[in-house]
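Q: kindly return the folded structure for what I paste below:
(2 chains)
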Amino acid sequence: GESVGLHLPTLSVQEGDNSIINCAYSNSASDYFIWYKQESGKGPQFIIDIRSNMDKRQGQRVTVLLNKTVKHLSLQIAATQPGDSAVYFCAEKKSGYNKLIFGAGTRLAVHP
Amino acid sequence: NAGVMQNPRHLVRRRGQEARLRCSPVKGHSHVYWYRQLPEEGLKFMVYLQKENIIDESGMPKERFSAEFPKEGPSILRIQQVVRGDSAAYFCASSKLGKAYDNYGYTFGSGTRLTVV
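A: Numbering: from 1, shown residues only, chains lettered A, B, ... in the order given. Below is the predicted model of the structure:
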């Protein structure tokens, strides 16, 4: 289930289940979105991206869905594995700017 | 092909000292970005540089912080007279073009963890 911890919300799933991580973004002018995975002590690692002219994009075991009407982004991970345990961040880029604006993050905990 | 290299990985400074963080971008990348991350939080944009130019410094504190990306050598983030509140992880990213194509070319380094004692 999903719970809000002291700081980062945590999503706990069983190995093999599908995971859905949600993100609300802030700016309707954002034209590009990225999901990053960050393991302890490491930098953000690219997972998948999507442009604002799309509503769905699939990668290997991951799918990103974009709902511009409600400014919502989700990351779906199929058949979650222990190696997927990490903190996941969404990031948005506003049209005309190069900087990324990161969301607060969700910790994914995968249990055997 | 080496990724973004940041050093040092860990840096301890006493209050009032200077901290210098270095970032060598991916070979061929001419755009560098610095971000700061506090524990249990997302990354916060600080500054965006191209070779010898600061393009966007909207996230940089007005005092004590400066950044450069010289024609030769790594990008440097410099924090003067550090205070305990500067303790954080500082990440550098680089990209080939300032355009949002194919992951934006954005590649992050492993970060420098600054601790001010």
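
Q: looking at the closest residue to B:Asp56 other than its chain neighbours now. What's its pLDDT?
A: Spatial nearest neighbour of B:Asp56, excluding adjacent residues (Cβ to Cβ, 6 or more residues apart in numbering or on different chains): B:Tyr48 at 4.2 Å. C-betas here are computed from N, CA, C, even on glycine. On the pLDDT scale, B:Tyr48 is placed at 95.

Q: who does B:Tyr48 bridge with?
A: B:Tyr33, B:Asp56 (DSSP bridges).

Q: so it touches B:Met60, yeah?
A: No: here B:Tyr48 lies out of contact with B:Met60, judged by Cβ atoms under 8 Å, at a distance of 10.1 Å.

Q: neighbour-wise, which of these two wins?
A: More neighbours surround B:Tyr48 than the other of B:Tyr48 and B:Met60, with 25 against 18 (other Cβ atoms under 10 Å in any protein chain shown).

Q: do you know how far that one is from A:Tyr97?
A: Computed with Cβ to Cβ, to the nearest Å, the distance linking B:Tyr48 and A:Tyr97 is 9 Å.

Q: so what's in contact with the two at the same time?
A: A shared contact of B:Tyr48 and A:Tyr97, defined by Cβ atoms under 8 Å, 6 or more residues apart in numbering or on different chains, is any residue touching both; here these are B:Asp56.

Q: did I read that right, B:Gln81 in a helix?
A: No: inclusion of B:Gln81 in a helix is not indicated when DSSP: H, G, I helix; E, B strand; the rest coil is applied; the result is coil.

Q: contacting residues around stretch B:36-50?
A: Defining contact as Cβ under 8 Å, 6+ apart, one finds that stretch B:36-50 is touched by A:6-8, A:44, A:89, A:91, A:98-105, B:30-35, B:54-60, B:65, B:67-69, B:75, B:77, B:88-91, B:98, B:111.

Q: and these, which are buried?
A: Neighbour counting with 16 or more other Cβ atoms under 10 Å in any protein chain shown marks A:8, A:44, A:89, A:91, A:98-103, A:105, B:31-35, B:55-57, B:59-60, B:65, B:67-69, B:75, B:77, B:88-91, B:98, B:111 as buried within the contacts of stretch B:36-50.

Q: so what's B:Leu114 bridging to?
A: Note on B:Leu114: beta-bridge partners by DSSP bridges are B:Leu11, B:Ala88.

Q: count the residues that sit near it.
A: When neighbours are counted by other Cβ under 10 Å, B:Leu114 comes out with 21.

Q: ok, now which ones touch it?
A: Applying Cβ under 8 Å, 6+ apart to B:Leu114 gives the contacts B:Leu11, B:Val12, B:Arg13, B:Ala19, B:Leu21, B:Ile79, B:Val82, B:Asp86, B:Ser87, B:Ala88, B:Ala89, B:Tyr90.

Q: go ahead and confirm the fourth one touches B:Val82.
A: Think B:Ala19. Yes: proximity of B:Ala19 to B:Val82 meets the contact threshold set by Cβ under 8 Å, at 5.4 Å.

Q: mutual contacts of these two, please.
A: Any residue near both B:Ala19 and B:Val82 by Cβ under 8 Å, 6+ apart counts here, and that gives B:Arg13, B:Leu114, B:Val116.

Q: contact residues of chain A facing chain B?
A: Selection of chain A residues close to chain B by Cβ under 8 Å from any Cβ of the partner chain yields A:6-8, A:31-32, A:34, A:36, A:41-46, A:49, A:51, A:89, A:91, A:93, A:97-105.

Q: got a list of what the nearest residue to B:Gly85 once chain neighbours are set aside touches?
A: Distances taken as Cβ to Cβ, 6+ apart place B:Val116 nearest to B:Gly85, at 7.9 Å, with adjacent residues excluded. For B:Val116, the contacting residues are B:Val12, B:Arg13, B:Arg14, B:Arg15, B:Ala19, B:Val82, B:Val83, B:Arg84, B:Gly85, B:Asp86, B:Ser87, taking Cβ under 8 Å, 6+ apart as the criterion.
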